[in-house]
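S.K.: Pasting a predicted model and its sequence here:
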Amino acid sequence: MIGLTARDTHRTPRTPRAHRALRGLSVLAVAGALAIGGTACSSDSGHRAAKPGGREGSAEPMPTPSDVPTAADPNASIPPPLVPDTIVRSTATGGRTVALTFDDGPSPQWTPQVLALLKQYDAHATFCMLGPNAKANPNLVKEVVAAGDRLCDHSVTHDEGIAKRPLARIRYEIATAHDQIVAASGSGAAVSWFRAPGGDWSPQVRATAAGFGMRSLDWSVDTRDWERPGTEKILANAKKELKPGGIILMHDAGGERSQTLAALKQLLPWLVQKGYTFAFPA
Ligand SMILES: [Zn+2]
């Protein structure tokens, strides 16, 4: 039932990060039950070869919710799968289609600008949201749904070490964020995708997502916009890596995103000119 994929045991090396991401203030809005309990900024000092969290440069403190399970709970279990637990990194139809994905939001500053650009090109995207950010910005979740875009669960605390956490913690990260996003949508909108923070997948993470009805969503094109390497570099990364049916990773939150916006402004007409149509992962 739970099969290992290559991605579970091998990650793309990336630049060492001296300093782990600091989270958005909006996390502060997480339910009253959550209290500030230190930071989740345990440095990985580059020892991990994980994938982007997109949090660099954020000067905002990252509270750790006090009710996050930290110890193994012998009663924790993985619900029976409602959907396949295999990792998805392409569109349904392949062909000259592309799926855009935006992580770590929603952000009052950046998400509306992304939505406006998408609308201008009649494009659609999947938004991988942090539960607390959705809870803090329900109007943005509703706007995403109203625009015909789709929702994806990106966990509660953006723990890029989720794969090695006890099952109770994995369940919390996945199920709580799912419920926060659904509640924020106000319409019981479907949240059919889960994306592991930093691409930190494991069989347990995938199975838990599947148990809550979500497919595991990865990507095929990492624009590395989270590093803020410059607009041209973000654009070049996208153009270089994109193949038909690809899934592009960008960020609409988690830090200053003007480079992402500027790159998207050029990427969208380029995709249209190259004959791509906008699709969803499948
Ligand atoms: Zn992320």
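M.R.: Sure thing, it's come through. Numbers count the residues shown, from 1 in each chain.
S.K.: From here on, just use CA atoms for contacts and neighbour counts.
M.R.: Will do.
S.K.: residues of the longest helix along the chain that come out buried?
M.R.: In the chain, assigned by DSSP state H, the helix with the most residues is helix 258-273. The neighbour-count check on helix 258-273 (16 or more other C-alpha atoms under 10 Å) flags 258-261, 263-265, 267-268, 271 as buried.
S.K.: Would you map the helices across the stretch 101-250 of the chain?
M.R.: Assigned by DSSP state H, counting those that start in this stretch, the stretch 101-250 of the chain shows helices spanning 111-120, 131-136, 138-146, 167-171, 177-185, 203-211, 231-241.
S.K.: so which of the ones you listed gets nearest the ion?
M.R.: The ion lies closest to helix 131-136 among the helices of the stretch 101-250 of the chain, at 11.8 Å (C-alpha to the ion).
S.K.: neighbours around residue 139, how many?
M.R.: Number of residues near residue 139 (other C-alpha atoms under 10 Å) recorded here: 16.
S.K.: Also residue 240?
M.R.: By the measure other C-alpha under 10 Å, the count of residues near residue 240 is 10.
S.K.: And for residue 78?
M.R.: 17.
S.K.: show me what contacts it?
M.R.: The contact partners of residue 78, by C-alpha atoms under 8 Å, 6 or more residues apart in numbering, come to 167, 171, 204, 207-208, 211.
S.K.: From residue 128, how far out is it?
M.R.: The gap separating residue 78 from residue 128 is 22 Å, by C-alpha to C-alpha, to the nearest Å.
S.K.: Let me see the contact set for residue 107.
M.R.: Residues near residue 107 by C-alpha under 8 Å, 6+ apart: 133, 137, 140, 252-253.
S.K.: Looking at the residues you listed, which is nearest residue 184?
M.R.: Proximity of the contacts of residue 107 to residue 184 (C-alpha to C-alpha) peaks at residue 137, which lies at 7.5 Å.
S.K.: Leaving out sequence neighbours, find the closest residue to that closest one.
M.R.: residue 106 (6.8 Å; C-alpha to C-alpha, 6 or more residues apart in numbering).
S.K.: got a markdown table for the contacts of residue 78, with pLDDT, neighbour count and distance to residue 276 too?
M.R.: As requested, these are exported to a markdown table (pLDDT from 0 to 100; neighbours: other C-alpha atoms under 10 Å; distance: C-alpha to C-alpha, whole Å):
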| residue | pLDDT | neighbour count | distance to residue 276 |
| --- | --- | --- | --- |
| 167 | 95 | 24 | 40 |
| 171 | 96 | 25 | 37 |
| 204 | 97 | 21 | 35 |
| 207 | 98 | 26 | 32 |
| 208 | 98 | 27 | 33 |
| 211 | 97 | 21 | 33 |
